[in-house]
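Q: Generate coordinates for the sequence data below:
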Amino acid sequence: MQYRRALLIIAGSMILSTALTFELFADIEGYTYKLKTTVEFEEIGKAKGSRDGKKIAKCGWKFKVIRVKNGEIIVKFKDGITNDNITNGSRYKIAKSNLLHICGDLCSKKEDEELLDKEFILKQTTTFLDLDDDKIKALPIWKCKIYAYDKNFYYIEFKENKEASQYVQDGQHYKIDEKSFDLEASTDFRGGINVSTLYLPFKFRFYSKDRSTPPQITPGVNINFSLGYTFYHLTGLVFSGLGTISTSDINDSESNTNMLMGLSFGGGIAYSINRKFQVFLVSGVDKLGGNNGRKWDFEWMPWLSFGIGYHIFDL
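A: Predicted coordinates:
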């Protein structure tokens with residue numbers, strides 16, 4: 001009876017965990033991502049599929065997911081063309097140490113004089129200074145040439161780029177079909193230290209203190225807080241929390257089941273399903289304390305479990 005009840009609880013927890021995972025997989029609203037590839041987006045209000053409504057966003061540009069609705073992802077770009085961007089014929093300067101931002105390997109090992117009046121397309125998003133030392137950002141779609149230099153700076157004149165209208169606008173909303181855009185493969189997850197909650201539906205206990213009790217699968221309600229470090233989708237973590245601990249009767253020799261409150265400690269790994277939900281594989285120990293703990297065969301004995309968690313915040 002004890003094992004049948006445990007298996008029913010485990011099966012129910014697995015079904016619930018799976019349902020929550022798929023239901024909440026699209027919960028990406030409000031998060032910022034960075035493109036890993038060049039992607040075409042559609043302007044809001046344009047006829048679906050029309051070529052004049054298509055705009056290009058380049059690899060490395062950032063955007064925020066505003067909402068997911070009716071199979072479409074609505075985004076707002078944090079990079080892109082702005083009214084303050086470079087204009088044809090405008091002149092700026094840039095520190096000599098940033099020369100590779102302008103022309104990459106084409107500039108390597110060349111003398112300053114050799115670079116004069118050569119036309120380049122910027123290799124990456126770069127911040128320039130106007131002649132009053134105010135900053136302005138130029139994206140890697142602009143043509144430019146070096147028209148002068150001194151000890152510390154190159155002086156740049158920007159040339160007309162007729163393709164600029166093809167790119168997304170900074171701060172504007174665009175859409176893309178959810179089925180045609182692999183969000184996870186095209187964007188970066190945030191790394192770093194984070195705090196999550198962790199729910200464990202059961203624990204597999206390997207052996208007791210005196211090795212006389214066989215391995216057990218024990219159900220329970222275990223809510224823990226974890227502190228981890230995430231690198232892309234994987235997180236290494238430690239955790240601690242309170243929960244019900246299922247024990248055989250520690251007061252007499254009958255084989256009944258008690259549900260007692262106790263502390264859990266441990267560590268493990270987690271895989272990020274999306275930006276909020278994770279699945280965990282963890283190992284740990286339990287502490288009951290007092291007479292109950294001293295009489296319980298599995299106190300401080302290792303166990304293994306899996307569970308689901310919810311990302312709370314980053315540190």
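
Q: Could you verify my assumption that residue 223 touches residue 196?
A: No - assessed by C-beta atoms under 8 Å, residue 223 is found out of contact with residue 196, at 11.4 Å. The C-beta positions use only the backbone N, C-alpha and C, and glycine is treated the same way.

Q: So if I had to pick from the two, which one is more boxed in?
A: Just comparing residue 223 and residue 196: by other C-beta atoms under 10 Å the higher neighbour count belongs to residue 196, 25 against 14.

Q: So what does that one look like in phi/psi?
A: For residue 196, the backbone dihedrals are phi -140, psi 160 (criterion: degrees, to the nearest 10).

Q: ranges for the strands of the stretch 101-250 of the chain?
A: 119-121, 126-129, 135-138, 143-149, 153-159, 173-177, 192-205, 216-231, 234-248 (DSSP state E, counting those that start in this stretch).

Q: Include distance to residue 313 and mean pLDDT when you put these into TSV, please.
A: Output for the strands of the stretch 101-250 of the chain, formatted as TSV (distance: least, C-beta to C-beta, whole Å; pLDDT from 0 to 100):
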stretch	distance to residue 313	mean pLDDT
strand 119-121	41	82
strand 126-129	30	84
strand 135-138	30	79
strand 143-149	42	88
strand 153-159	42	87
strand 173-177	27	88
strand 192-205	6	90
strand 216-231	11	88
strand 234-248	14	86
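
Q: For those, give me TSV that also has distance to residue 44.
A: Shown next, in TSV, are these (distance: least, C-beta to C-beta, whole Å):
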stretch	distance to residue 44
strand 119-121	29
strand 126-129	29
strand 135-138	24
strand 143-149	29
strand 153-159	29
strand 173-177	5
strand 192-205	33
strand 216-231	33
strand 234-248	36
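
Q: Map the structural domains onto the sequence of the chain.
A: Structural domains annotated on the chain: 2-25+189-314, 36-80+167-186, 91-164, as defined by automatic domain parsing.

Q: Residue 165: neighbouring residues, count only.
A: Using other C-beta under 10 Å, residue 165 has 10 neighbouring residues.

Q: State the pLDDT value of it.
A: pLDDT for residue 165: 74.

Q: one step back: compare the strands of the stretch 101-250 of the chain and give me the one nearest residue 90.
A: Nearest to residue 90, of all the strands of the stretch 101-250 of the chain, is strand 153-159, at 5.4 Å by C-beta to C-beta.

Q: ok and the closest one relative to strand 143-149, angle-wise?
A: Counting by axes from the mean of the first three to the mean of the last three C-alpha atoms, to 10 degrees, strand 153-159 points 140 degrees away from the direction of strand 143-149.

Q: Pull up the pairing partners for strand 153-159, direction included.
A: According to DSSP bridges, strand 153-159 forms sheet pairs with strand 91-95 (antiparallel), strand 143-149 (antiparallel).

Q: Need the contact partners of that strand.
A: By C-beta atoms under 8 Å, 6 or more residues apart in numbering, the residues outside strand 153-159 that reach it are 86-96, 99, 102, 112, 115, 119, 128, 138, 142-149.

Q: Is it possible to mark the buried ones in the residues you listed?
A: Neighbour-count burial (16 or more other C-beta atoms under 10 Å) applied to these gives 86, 90, 92-94, 99, 102, 115, 128, 138, 142-146, 149.

Q: Correct me if wrong: residue 270 contacts residue 307.
A: No - the criterion here is C-beta under 8 Å, and residue 270 misses it with residue 307 at 9.2 Å.

Q: Between these two, which is the more surrounded one?
A: Using other C-beta under 10 Å as the criterion, residue 270 and residue 307 rank with residue 270 on top: 28 against 25.

Q: Looks to me like the more buried one is in a helix.
A: No - assigned with DSSP: H, G, I helix; E, B strand; the rest coil, residue 270 falls outside any helix and is strand.

Q: I'm done for today, thanks for sticking with me.
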